[in-house]
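# Sequence plus the predicted model coming up.
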Amino acid sequence: MATVASAPLSLRGVLALVFIIAVGLAPGGCLAESGETADTSATRIRASGEAEVVVPPDRAWVDVALVTRNVAASAAVAANAEESQRVLAALREALGPDAQIASAGYSLAPNYRYIQGQGQQLDGFMVRNRLRVTLQDVSAAGRVIDAASRAGASEIQQVSYGLADAGMAQRQALAEATRSGVERAGVMAKALDMEVTRVLSVDDSGAAPAPVVREVQMLAKSVGLSAAVPTDLSPGGIHVRASVTVSVEVGP
C-alpha cells in the first residue's frame, strides 16, 4: 500500500516540473519581465535651461507725493488738499483730461522733534498724499515730473516701467529655455557616447518679468523753476526670464 500511494505523488511532481519549464521557455514569460526591467533602468539625464528676452516697456508709473506740515491737524489736511488739487490740475493740463491718476496712499501723523532735556515733543502734524500716474506713453514720464514739480509737488518718489501684458514675451522666453535645456541634455548625452531618445518631462520655474525702477527724489520748492531743463528719462528694456528643468532618456 505504501508503494501504491507514492506513485501518484511522483507523477504529479513530474507534471508540475514540466509545466514550469514550459512557461519559462514560452515567449512573453521570463523574457518579457526582463525587458520591462531594462526599460525602467534606462539612463536618464536632467538638465536646466534658461533664457532671457528683453522687450521695450509699454507702461510707465510715476509716484508723486504732496507733503504738508502744520501745528494743527486740520490746517495740515486743508493745505494738503489745496496742493493736491493744484498738482492734479497741472498734471491733467500736461497729459490731457483722460490722464490716469489715482490715489496711492494717504496719511496723517503727528510729527515730533527732540528737545534737549525735554525729550520728544509734539511739533505739529504731517499729511502725506501720494498720487500714482499711469502712462501708456512711456516718454511722458518726464512731462509728469516737470508738471508736478512746477505745481509744487513735494517729492517725485519713483518712476517705474513695465508691460501691460507680458504673456508673449514669457512664452518666447519659455520656448527658448526649453530648447536650451534639451540641447544641454544632448551635450551631456554625447559626452557619454549616447543620444537623447525621448523627453520625459519639462518643469517650469515660473519666473516673472523684472520691472525697471528709476528712483527719482527731489524737493520741488528748491528747484529754480524758470531755468528748469525738461526732464528726459531713458527707461531701458524689460528683462523677461524663464527657467526650466528637462528630464530625458538617453541610449546608444
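Received the coordinates, thanks. Owing to the predicted nature of the structure, the values given are computational and were not obtained by experimental measurement.
# mind listing the strands in the protein by residue range?
For the chain, strands defined by DSSP state E occupy the ranges 44-55, 59-70, 100-115, 119-135, 155-162, 195-204, 212-215, 238-251.
# Take those strands and lay them out in TSV including distance to Arg86, mean pLDDT and mean neighbour count.
Every C-beta, even on glycine, is put in place using the N, C-alpha and C of the backbone. Below are these laid out as TSV (distance: least, C-beta to C-beta, whole Å; pLDDT from 0 to 100; neighbours: other C-beta atoms under 10 Å):
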stretch	distance to Arg86	mean pLDDT	mean neighbour count
strand 44-55	37	93	17
strand 59-70	9	94	21
strand 100-115	13	90	12
strand 119-135	12	91	17
strand 155-162	15	88	20
strand 195-204	49	93	13
strand 212-215	25	63	14
strand 238-251	34	93	20
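# Reformat these as JSON lines; add distance to Gln170.
Below are the strands of the chain laid out as JSON lines (distance: least, C-beta to C-beta, whole Å):
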{"stretch": "strand 44-55", "distance to Gln170": "8"}
{"stretch": "strand 59-70", "distance to Gln170": "16"}
{"stretch": "strand 100-115", "distance to Gln170": "25"}
{"stretch": "strand 119-135", "distance to Gln170": "22"}
{"stretch": "strand 155-162", "distance to Gln170": "13"}
{"stretch": "strand 195-204", "distance to Gln170": "10"}
{"stretch": "strand 212-215", "distance to Gln170": "16"}
{"stretch": "strand 238-251", "distance to Gln170": "6"}
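# Nearest to Val229, out of those?
Distance to Val229, taken as C-beta to C-beta, is lowest for strand 155-162 among these, at 15.0 Å.
# Are there helices or strands packed against the closest one, and which ones?
strand 59-70, helix 141-150, strand 212-215 (3 or more C-beta pairs under 8 Å, 6 or more residues apart in numbering; DSSP states H and E).
# for it, the distance to its chain's centre please.
19 Å (C-alpha atoms, centre = their mean, to the nearest Å).
# strand partners of that strand, parallel vs antiparallel please.
strand 59-70 (antiparallel), strand 212-215 (antiparallel) (DSSP bridges).
# I'd like the ones you listed written out as JSON lines, with distance to Met194 added.
Output for the strands paired with strand 155-162, formatted as JSON lines (distance: least, C-beta to C-beta, whole Å):
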{"stretch": "strand 59-70", "distance to Met194": "48"}
{"stretch": "strand 212-215", "distance to Met194": "44"}
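# what's the nearest residue to Leu135 if we skip its chain neighbours?
Closest residue to Leu135 apart from its sequence neighbours, by C-beta to C-beta, 6 or more residues apart in numbering: Ala60 at 4.2 Å.
# what bridges to Glu155?
Assessed by DSSP bridges, Glu155 has beta-bridge partners Ala65.
# so it touches Val62, yeah?
No. Contact criterion C-beta atoms under 8 Å: Glu155 and Val62 do not qualify, at 11.3 Å.
# now Ala89, nearest residue through space, not along the chain?
Closest to Ala89 by C-beta to C-beta, 6+ apart is Ala151, at 7.4 Å.
# beta partners for Glu249?
Per DSSP bridges, residues listed as beta-bridge partners of Glu249: Arg44, Arg198.
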